[in-house]
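>>> Fold the following for me, if possible:
(chains A and B)
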2 protein chains.
Amino acid sequence: MTKIEHVIRYIDSELKSRRLTPGMRLPSVRQLAKQLDFSVSTIVCAYERMLSTGQIESRAGSGFFVSAPLEPLKLSNMEPIQVKHLDPLRLSRELLEASPSLIKPGCGWLPDSWMPHEALRKAIRDVSKESTFELMNYSSPLGFNLLRELLARRLQSKSIFVSPDQVLLTDSGSYSTDLLCRFLLKPGDTVLVDDPCYFNFKALLKVHQAKVIGIPYTTDGPNIEAFQQAITQHQPRLYITNSGIHNPTGAMPSSATVHQLVSLITQANMIVIEDDIFSDFENKHSPRFSALDGLTNSIYIGSFSKTLSASLRCGYIVAKPEWINDLIDLKIATSFSHNNFSAHVLYKVLTDGKYRKHLEQLNTRLANAMDISINTLEQMQIRPWIKPQAGMFLWCELPAYIDLHRLQQYCTEQGVVLALGEAFSTSGLFKQFLRFNVAQCVHYDVFNVLQAGLLASKPASTYMNDHLID
Amino acid sequence: MTKIEHVIRYIDSELKSRRLTPGMRLPSVRQLAKQLDFSVSTIVCAYERMLSTGQIESRAGSGFFVSAPLEPLKLSNMEPIQVKHLDPLRLSRELLEASPSLIKPGCGWLPDSWMPHEALRKAIRDVSKESTFELMNYSSPLGFNLLRELLARRLQSKSIFVSPDQVLLTDSGSYSTDLLCRFLLKPGDTVLVDDPCYFNFKALLKVHQAKVIGIPYTTDGPNIEAFQQAITQHQPRLYITNSGIHNPTGAMPSSATVHQLVSLITQANMIVIEDDIFSDFENKHSPRFSALDGLTNSIYIGSFSKTLSASLRCGYIVAKPEWINDLIDLKIATSFSHNNFSAHVLYKVLTDGKYRKHLEQLNTRLANAMDISINTLEQMQIRPWIKPQAGMFLWCELPAYIDLHRLQQYCTEQGVVLALGEAFSTSGLFKQFLRFNVAQCVHYDVFNVLQAGLLASKPASTYMNDHLID
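Below is the predicted model of the structure:
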């Protein structure tokens, strides 16, 4: 390697590590010569070579600068990420990339064996036999009419009254949230989320270059005073939340809170997206924004990825008619259509008369898993923030002396993927929290690994007087 | 209705028809009073009521203005649309919303009966029997590894040599293009497209608020001089095209053109997205950008919606490894995963040993349909721009005396949906063109309706000396 190449490689490494970023001034020729102990002429040659490739540019009188990015927009560049662990995308990728042999108490889905295989298989067979058209063709823009009618009827039980033409089928709940963000947001808009909230909301809002404000989440829902204050201070455009069962806390907002929020949202003329994908785990009905405000300033999202299949994806958006019309345009322009076969299969499963029983079994099983998990975790001094009434999530605070990154590392080495609280938070207040999926915990018995991990993650000094963990 | 309500309704209708748009000044009180023949005080009351609802706002000394939109972004508002017919979305919606009983020579897909039902049915049965995991679970972020390996091998026949980890599965070709636009573009960036081009590129680029420059398309591919000039004038970021068989013209760019374009694109450090979804209709190999530049400044998109199923959607992106890594982040943040079941079904069909034969049959059938269509259309004085060597599209110019909107209206009334040339164009040069899908033309024999439509769409004066059409 020549000296010139050495200099170029040095600058490259500064760029890769993002100590130098597009638009930043490079060290002056003299500075760098001194720093690397090379001659000024070596640095000049290196800079000239980089000028010729366009990597850097010179501005008369002000020196050399890193060129504006010709590289595409990197998500990770959109805002500086101080701590790699805070990146919500890291958790998504860890969970999705983990081999099927790993155990994932940190994930957001149920064990395969809890899902209705035979009902799905039968539905798939039936749809593939029955109709040629659905096997081959693009769907109508709104999607399969019978499924939309069914969804509209099902929504009545939540006091949401809509026509089937207000239900737009999409490929998933996530896709739906994204489509709505495209519809509603421009870069720089402020969006309120719960603190803590579903980690992928944070990643999604980063893509949309939104300013994200976290509202402290209480056992009754978001803190009203903080919500009010955020409205006054930030004029937010949007509030995105999991209504019904909250992710990650498992809490269900009280009627009083939802009522007050609807008033605030209406007054501020902002919009609420309620992502209700855990709806079918509910055993009592908590109020929905869309029910209370009649879809004036609210939009509802649902899907079946949590109770039927995450592979045969199908989600839906419920909104006022004029918005649905515009959302159709946006959907066609950006993805043309959706998976029509999945929509037909899910309709079959939902109408075969066994879905309700499947849900009952699932919810009984979840309630048992919840009890076992809470008891076992409490014996390890891991306290749930609340005891959720339904759903799969348990949000737990760990003792302050546990180093959660060490715990995570230990468990990962043992093949157990955890979900660290900080991925869910905008405030950094939940560094000592973990989100457990109780179904995955009891199904695979992750508690032994966790207990060993806790022992391995304590500072040496606490070992001695630790008679509680054993 | 009171007079005041009358005024309010009038303003509403002006807003709905977009004669008044947000930020525009309303007529002065005096003007409107005169225009509607109401008293000034009626107009004042009406304006005051609209002020109180926030529909309009007053600015001291300058009058009344339509309020900035509290309504979400409407695609149709992003730029003023002069002629509704020019809106590329209109064609997409017409085609997708048309009932299955309508005949669509304007559509971009083959008749159901041309598709391999039994192979698909068998693949669906096999996948649903074999594996529980694929029925239930989220896919890994890249997608089903065997399908990616197969796609990487298949690309070798196009001289594109990649690792399977450079193949990212998605839900469709359209979704892929959109994901790449999100990755590569910021609002205001300039994008080159062919003139004419696939109409949905125009709709998509509108969503991304890109400045779109059309490059005249010749029988050899885009005009090189115009391309060069557009680079100099507009510093485009991106060029999006259908490589291989061009949509709508059916042309295949020459090697010389692609070579020259690759040089231009490399020099300008812009990026080309080649949407190659018609690839399997090709009977001779035309060069691909991704092959010539080794995926340095190019990205490749494929899908199976045209030869297997548009319902079980699955597309893919091929790009350099570092971009794939960032695209995974973007995909997770915006849609979390993709339809894993479809990926497994398509893999089965592609590897059952019959796909090649299916393609042969399809292409023979298409070649016949192409010959018949060209002959029949020429008898009606409808001249194809070129005689395509492969594919389903035939791009035809109609005699200048035919009123294409009248023709379209006539055919729609007869249940036949046409694709007018202007939807494909950025220049307005192709108002006398139609894109025919020859498979749909011969399968449903649309020519009789077309011929009658032509007779109905001519000015009376041409009837007499028209001895050619009958």
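>>> per-residue pLDDT, A:R182?
Looking at A:R182, its pLDDT is 94.
>>> just the one 5 residues further on next, same as before
In the prediction, the pLDDT value recorded for A:P187 is 88.
>>> would you list every one of the strands in the stretch 51-200 of chain A?
A:56-59, A:63-66, A:167-170, A:190-195 (DSSP state E, counting those that start in this stretch).
>>> can I get those in CSV with distance to chain B?
Just so you know, the C-beta spots here come from the backbone N, C-alpha and C atoms, and that holds for glycine as well. Formatted as CSV, the strands of the stretch 51-200 of chain A follow (distance: least, Cβ to the nearest Cβ, whole Å):
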stretch, distance to chain B
strand A:56-59, 13
strand A:63-66, 15
strand A:167-170, 9
strand A:190-195, 13
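>>> Mean pLDDT lowest where, among those?
strand A:56-59 (a mean of 80).
>>> So what are the sheet partners of that strand and their directions?
strand A:63-66 (antiparallel) (DSSP bridges).
>>> roughly how far apart are the spatially most central residue of chain A and A:G108?
By Cα atoms, centre = their mean, the mean C-alpha position of chain A lies nearest to A:N200, the distance being 1.8 Å. Noted for A:N200: a distance of 9 Å to A:G108, by Cβ to Cβ, to the nearest Å.
>>> Ok, A:S427 next?
For A:S427 relative to A:G108 (Cβ to Cβ), the value is 21 Å.
>>> go on, A:L455?
The gap separating A:L455 from A:G108 is 28 Å, by Cβ to Cβ.
>>> and A:V272, what element?
Using DSSP states H and E, A:V272 sits within strand A:271-275.
>>> mind checking the SS state of A:K34?
With DSSP: H, G, I helix; E, B strand; the rest coil as the basis, A:K34 sits in helix.
>>> Next, count neighbours for it.
Taking other Cβ atoms under 10 Å in any protein chain shown as the criterion, the count of residues near A:K34 is 13.
>>> which parts of the stretch 201-350 of chain A sit against chain B?
Contacts of the stretch 201-350 of chain A with chain B, taken as Cβ under 8 Å from any Cβ of the partner chain, map to A:203-204, A:206-207, A:269, A:271, A:305, A:309-313, A:323, A:326, A:328-330, A:332-342.
>>> thinking again about what came up before, which of A:L455 and A:G108 has more neighbours?
When A:L455 and A:G108 are compared for neighbours, A:G108 comes out ahead with 25 against 17, by other Cβ under 10 Å.
>>> from what I can see the more buried one touches A:G250, true?
No. A:G108 is beyond contact range of A:G250, at 12.0 Å (criterion: Cβ atoms under 8 Å).
>>> Now the common contact residues for those two.
A:F393 (Cβ atoms under 8 Å, 6 or more residues apart in numbering or on different chains).
>>> Give me the below-cutoff pLDDT ranges for chain A.
A:18, A:52-54, A:68-87, A:460-470 (pLDDT under 70).
>>> Longest helix in it, by number of residues?
Among the segments of chain A that qualify as a helix by DSSP state H, the longest is helix A:355-379.
>>> Which parts of that helix count as buried, going by neighbours?
Neighbour-count burial for helix A:355-379, counted by 16 or more other Cβ atoms under 10 Å in any protein chain shown, picks out A:355, A:358-359, A:362-363, A:365-367, A:369-370, A:373-374, A:376-377.
>>> Pick the one among the residues you listed closest to A:Q432.
A:L377 (13.7 Å; Cβ to Cβ).
>>> With adjacent residues omitted, what lies nearest to that closest one?
Using Cβ to Cβ, 6 or more residues apart in numbering or on different chains and skipping the chain neighbours, the partner closest in space to A:L377 is A:C396 (6.0 Å).
>>> Next secondary structure element downstream of the helix or strand hosting that neighbour?
Assigned by DSSP H and E, A:C396 falls within strand A:393-397. Using DSSP H and E, the next helix or strand after strand A:393-397 towards the C-terminus is helix A:404-413.
>>> Return that next one as PDB; C-alpha atoms alone will do.
Output of helix A:404-413 as PDB, limited to C-alpha atoms (Å, rounded to 0.1, in the frame of the first residue of the first chain):
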ATOM      1  CA  LEU A 404     -29.500  -6.100  30.900                       C
ATOM      2  CA  HIS A 405     -27.100  -6.100  28.100                       C
ATOM      3  CA  ARG A 406     -25.100  -8.800  29.800                       C
ATOM      4  CA  LEU A 407     -28.300 -10.700  30.400                       C
ATOM      5  CA  GLN A 408     -29.300 -10.400  26.800                       C
ATOM      6  CA  GLN A 409     -25.800 -11.500  25.700                       C
ATOM      7  CA  TYR A 410     -25.900 -14.500  28.000                       C
ATOM      8  CA  CYS A 411     -29.400 -15.500  26.800                       C
ATOM      9  CA  THR A 412     -28.600 -15.100  23.100                       C
ATOM     10  CA  GLU A 413     -25.600 -17.400  23.600                       C
END
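>>> Could you point out the helix or strand that follows that helix?
Per DSSP H and E, the first helix or strand lying C-terminal to helix A:404-413 is strand A:419-420.
>>> chain center to that next one, what's the gap?
Per Cα atoms, centre = their mean, to the nearest Å, the displacement of strand A:419-420 from the mean C-alpha position of its chain is 12 Å.
>>> Let me know whether it sits next to chain B.
No. Legend: contact between strand A:419-420 and chain B by Cβ under 8 Å from any Cβ is lacking; minimum distance shown is 14.8 Å.
>>> Give me the contact list for that strand.
A:85, A:91, A:95, A:105-107, A:199, A:248, A:404-405, A:408, A:431, A:433-437.
>>> sorry, back to before: any of the residues of the stretch 201-350 of chain A next to chain B buried? List them.
Buried members of these, counted by 16+ other Cβ under 10 Å: A:203-204, A:206-207, A:271, A:305, A:309-313, A:323, A:326, A:328-330, A:332-342.
>>> mind saving the C-alpha coords of stretch A:29-44 as PDB?
The C-alpha trace of stretch A:29-44 is given here as PDB (Å, rounded to 0.1, in the frame of the first residue of the first chain):
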ATOM      1  CA  VAL A  29      -3.900  19.200   4.300                       C
ATOM      2  CA  ARG A  30      -1.500  20.400   6.900                       C
ATOM      3  CA  GLN A  31      -3.500  19.000   9.900                       C
ATOM      4  CA  LEU A  32      -3.800  15.600   8.300                       C
ATOM      5  CA  ALA A  33      -0.100  15.500   7.300                       C
ATOM      6  CA  LYS A  34       0.800  16.200  10.900                       C
ATOM      7  CA  GLN A  35      -1.700  13.800  12.300                       C
ATOM      8  CA  LEU A  36      -0.700  10.800  10.000                       C
ATOM      9  CA  ASP A  37       3.000  11.900   9.900                       C
ATOM     10  CA  PHE A  38       3.100  12.100   6.100                       C
ATOM     11  CA  SER A  39       4.300  14.900   3.900                       C
ATOM     12  CA  VAL A  40       1.900  17.600   2.800                       C
ATOM     13  CA  SER A  41       2.400  16.500  -0.900                       C
ATOM     14  CA  THR A  42       1.200  13.000   0.000                       C
ATOM     15  CA  ILE A  43      -2.000  14.300   1.500                       C
ATOM     16  CA  VAL A  44      -2.500  16.700  -1.500                       C
END
